[in-house]
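> Could you work out the structure for the sequence below:
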Amino acid sequence: MRRRTRARKASAIALLAAGSTALTGVVGLTFAQSAVAAVPHGELTLNYRCVYPMIGAQDLKVNVKVDGIPDTVKTNQSVAPLSVKTTDIVSANTTKGLFAMDAKSLEGSAVAEVNGVFPDGHTEDMPTNVTIPKVAVPDEGDFPLTADGTTPKAINAGTTKGWGRVNVGNLKLHVSPKNTAGELTALGDFDVQCYQKPGQDNQIAAVYVQEGSETGGEAPNVKWERPTAPEPKADDHTPVDGKLSGLTFSCKFPIIKPQALKIDASLPYPEDIHANTLTPEMKVTSDAEVNAYTVNAMQTVIDPPAASLEGYAIATANLWAPEIQNGQTPLAAKLKLPITKTAVPESGTLPLKGLLGTAPPLVFSKAGEGKMGVQRLDLYVILRDKDGNPHPDLNAGGKPFQVPCTLDGPAAPTGQNNIIHTFKVSGDVTPPEDKTPPTVPGAPAVADITGTTANASWGASKDEDGGSGLAGYNLYLNGTKFGDTVTDAKAALTGLEAGKHYKLEVEAVDKAGNKSDKSSVEFDTPAPASKPGPVTGLEVTSKTFESVSLKWNAAEGAESYVVKYGDKTQEVPTGTTATITGLTPNTPYTFSVYGVNKQGNGDAASADATTEQKPVDKPADLKGLTVVGTTFDSVTVKWDASTGAAKYKIAWDGGSAETADTTYTIKGLTAGTSYKVTVTPNNTTGDGASASVDAKTPAKPDTTKPSVPGDVKGAVTNDSVALTWSASKDEDGGSGLAGYYVYQNGQKLPGLVTGTSKTISGLAAGKYSFTVSAADKAGNESAQSAPVEVTVETPPTGGSNTYALTGTSAIKSINGTIPLTGSVATTVTDGKVSGDLTLNGSAGKFSLFGFLPGTVDVAYAPQGKTTGTLAGTTLNTETKTVVKLSSIKVFGLEIAGGTTCQTATPATIPLKSTNFGANGGDLSGTYTLPALQGCGFLNPLVSALAAGSGNTVTLKAVKK
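Model prediction:
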């Protein structure tokens, strides 16, 4: 009784709604007397092939729900229009084709077949118009949509009792594909015919027509035969490789001005195509080159610099074809080309190799010429730094930024050829329609008849030459269709009733839906026998965490057994034991076992059992261990979760820890030290295989300043000062000394000095103060040194001046020093110097042989004028003078001298000053003392000791 109730609830009158975007389906309603198997009641899922222009036949999955279907109706009762709701799944391949046609949304209408046949033989055709609401088309993947509607009219059940059924058939759509701007694509509006795929049960419900309160037994499940989709054969022409080389786009990158992007593209495609055939999949392979300017911007303009690039490109290709507005306006086809992660070089160009985009195969229905051209490129880019992080501004939230690239931008040359392929469509535009049915099947024969089954066979039919081809045979039992269409000239008849008379009819059907006349035969099933006896002695013999074993006593008359548990069953063809596998651990089950024979099912026995707890396995091997961060005293590691792990054991040189997370930071480490870190997954069963990784802590930051430079000195030369100083030191283990900064009058001069000297040039006359500081490689700077003060003199411009002279002369050979005083009266004309030098007599000291102390009285007799040159503050002079030695004493005893003791020839004394100004300056020079004469009997000794080179003069001239 329970099975009959379910069968009655599986009866209905309905409308199917379905579509490529939102389609409303087809329902056929048939009433006839038969009882075969339980049927759906108000809900059905069907698969369709929908024939689109250009992209051909595509899959569509439709789920239909009809509310308010009665279980039974009375004769002559009317059934009001019913509410229908559909949920449709548009296939990913359809989405790919719509994307290629630049369709971003779809809307339109659908016409659904609705048909009913009643027990009295009358039928109801109810074509239903349904509006398809606007729905967005994604770039890729399946997408769902829903639609609502009602059947168009009430249906009268008629005057005869019996079963009626509702079947779902084909449907037709009128579609308006629109682009992003909301405009129709180049294809315009078009119709789409959708056909059910073969081999599906398309009855959605059944209703029993009553005269009184009788029931109709089990409801029939009969298929409504509908034409199937024409599937075009593949085009047999060989593809020819179309190419574009050096096509240059103008790309608007962020921040920088538009830049050129060069593309080499290849498209293998036939040059000749038969109409109504399936072309190969469109595969465009491209190599792109990002220019050096853009690469340089990735490294220098953005911060942080880009280390890698990834994302995808959307290529817009224009397609001209005869069915696209007579070939006058192109269809903007879209292809998506993934860009794999590619390293960005420090300089030069960035090649992007092997970019592959595909579009689905096409079907051209009109003859004529066509072509394909590359029109636009949109890059969607993610830039990552050296640590793999997306750019924080350009790729906020990890999303790519768009780079539009066109052929008419400022960085693209004009007049480029962008046509990659041309083709010609030829042949019949519309294939001939098959309207001829197959031949009538031979007379059926029925054998091996039992109370519930029989085997039927018949002579094979033939379809006409050049027809659509034989699809198979439809069988009818007592006027009700039996099962699906069969392809062989035989069938097994099941679900029969014992002791009943049957009429079997067979018709042939071709692939165009044409049906032959029927051939028939009548037969009777034998009277019913007894069902099996009850099962006894059922018990559980063993169990594991995933299985239970049972045994029972044999039931009288049972040919086989069925074990039922939950909503599942397992057949036992022989024997009285069974092991049920695939169970859930630690779960209670109730198992029922009953005997089965041709007459039905016997009474069942039941037993309860709970599966065992599943043993715990060791954790899976640890994988993905990496170092994700270091400081001078810590290391952070992470890893992939190991299946079955309850915790992780971390070990390193000098320590260990445990955690339940998949990341851990080891603290308290030594700066600048290498460590080996090992992580082992663990649970109560034990350890899984561990993994190790090497890590090194960076050196501790240097915060100590270098020592202060010392002994800063400055030497003035014309308009420059040459500074020198003693070297500084950085701390042991520090970052190391980088160099020195020089400060002039408290202002730091640009540039880091790597040595211990620097010359500052181009100084004006005046006083200057210089200090020096030291800097290390960590950027620490010492305090400034003690200042050195210098004066840059104003160069004399000409005229006459007198300068007082003070200084010393050192006689090298006798280790003597003679103080000097005097004056010089100078005249400067056009850089030439002339002067009268006066040196006062003086007494000096010396050390004879390095240890005999002595004194000497010296006088000077200049020979002519002192002459020279003055350029800026550089003074060069030369003086010739006779040196007179009136007294030479050793230990106070005069050993030589007199009025005639003097140099045999004048000594030439060159003097130079680099800081000579209007107020004077410092002069120095080196000279040779000629041989002496007239110094007494020791003259040879004294001359040999005193005469010679390497003698020096140092004077300071001060303007009087």
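> quick one: contacts of stretch 227-240?
Stretch 227-240 is contacted from outside by 49-51, 56-57, 170, 193-198, 268-274, 276-280, 363, 421, 431, 471, 511-513, using Cβ atoms under 8 Å, 6 or more residues apart in numbering. Backbone N, C-alpha and C define where each C-beta goes, glycine included.
> how about the residue lying farthest from the centre of the chain, phi and psi?
The centre of the chain is farthest from one residue, residue 937, which by Cα atoms, centre = their mean lies 106.0 Å away. Backbone torsions of residue 937, given as degrees, to the nearest 10, read phi -70, psi -20.
> Please apply the same query to residue 177.
phi -80, psi 140.
> for residue 541, same thing?
Taking degrees, to the nearest 10 as the convention, residue 541 sits at phi -100, psi -30.
> Distance-wise, check it relative to residue 552.
Per Cβ to Cβ, to the nearest Å, residue 541 is found 10 Å from residue 552.
> out of the two, which sits in the busier spot?
For the pair residue 541 and residue 552, the greater number of neighbours falls to residue 552 (22 against 11), based on other Cβ atoms under 10 Å.
> In its sheet, which strands sit next to the helix or strand hosting that one, and in what direction?
Per DSSP states H and E: residue 552 is located in strand 548-553. Using DSSP bridges, the strands paired with strand 548-553 are strand 536-543 (antiparallel), strand 577-580 (antiparallel).
> how about the strands in the stretch 751-900 of the chain?
757-760, 766-776, 788-792, 799-811, 816-829, 832-839, 842-848, 852-862, 866-871, 874-890, 893-897 (DSSP state E, counting those that start in this stretch).
> ignore the last one, the stretch 501-650 of the chain
Going by DSSP E, counting those that start in this stretch, the stretch 501-650 of the chain shows strands at 501-510, 519-524, 536-543, 548-553, 560-565, 568-572, 577-580, 588-597, 600-601, 605-610, 626-631, 634-638, 647-652.
> check contacts around residue 340.
Counting by Cβ under 8 Å, 6+ apart, residue 340 touches residue 310.
> what comes up buried for the strand or helix carrying it?
Assigned by DSSP H and E, residue 340 belongs to strand 331-343. Going by neighbour count (16 or more other Cβ atoms under 10 Å), the buried part of strand 331-343 is 331, 332, 333, 334, 335, 336, 337, 339.
> Of these, just say which sits nearest to residue 580.
Nearest to residue 580 among these: residue 336, at 48.5 Å, using Cβ to Cβ.
> Pretty sure that closest one sits against residue 138.
No - the pair residue 336 / residue 138 is not scored as a contact, 11.7 Å apart, by Cβ atoms under 8 Å.
> can you give me the strands in the stretch 151-300 of the chain?
Along the stretch 151-300 of the chain, counting by DSSP E, counting those that start in this stretch, strands occupy 155-156, 162-167, 171-178, 190-196, 203-210, 240-251, 259-269, 272-274, 282-290.
> Repeat that for the stretch 301-450 of the chain.
With strands called from DSSP E, counting those that start in this stretch, the stretch 301-450 of the chain shows them at 308-320, 331-343, 350-359, 368-384, 401-406, 419-426, 445-447.
> Kindly reformat the ones you listed as JSON lines containing mean pLDDT and distance to residue 527.
Below are those laid out as JSON lines (pLDDT from 0 to 100; distance: least, Cβ to Cβ, whole Å):
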{"stretch": "strand 308-320", "mean pLDDT": "91", "distance to residue 527": "70"}
{"stretch": "strand 331-343", "mean pLDDT": "89", "distance to residue 527": "68"}
{"stretch": "strand 350-359", "mean pLDDT": "90", "distance to residue 527": "64"}
{"stretch": "strand 368-384", "mean pLDDT": "93", "distance to residue 527": "71"}
{"stretch": "strand 401-406", "mean pLDDT": "96", "distance to residue 527": "79"}
{"stretch": "strand 419-426", "mean pLDDT": "91", "distance to residue 527": "67"}
{"stretch": "strand 445-447", "mean pLDDT": "94", "distance to residue 527": "17"}
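> Show me the domain layout of this protein.
Domain segmentation of the chain under automatic domain parsing yields 2-210, 240-426, 445-524, 536-610, 626-696, 710-792, 799-959.
> Which of these has the highest mean neighbour count?
domain 2-210 (a mean of 21; mean count of other Cβ atoms under 10 Å).
> Centre of the chain to that domain, how far?
Mean-position distance between domain 2-210 and its chain equals 42 Å (Cα atoms, centre = their mean, to the nearest Å).
> any weak-confidence spans in the stretch 601-750 of the chain?
Scanning the stretch 601-750 of the chain for pLDDT under 70 picks out nothing.
> same thing but 90
Low-confidence segments of the stretch 601-750 of the chain (pLDDT under 90): 613-617, 632, 644, 654, 670-672, 684-686, 698-704, 715-720, 730-736.
> again with the stretch 1-150 of the chain
Looking along the stretch 1-150 of the chain with the criterion set at pLDDT under 90, you get 1-44, 49-58, 60-104, 106-141, 143-150.
> Strands along that one, start to end?
Along the stretch 1-150 of the chain, the stretches classed as strands by DSSP E, counting those that start in this stretch are 27-32, 43-52, 56-67, 72-74, 78-79, 83-90, 105-112, 114-117, 123-125, 128-136, 143-150.
> No more questions from me, cheers.
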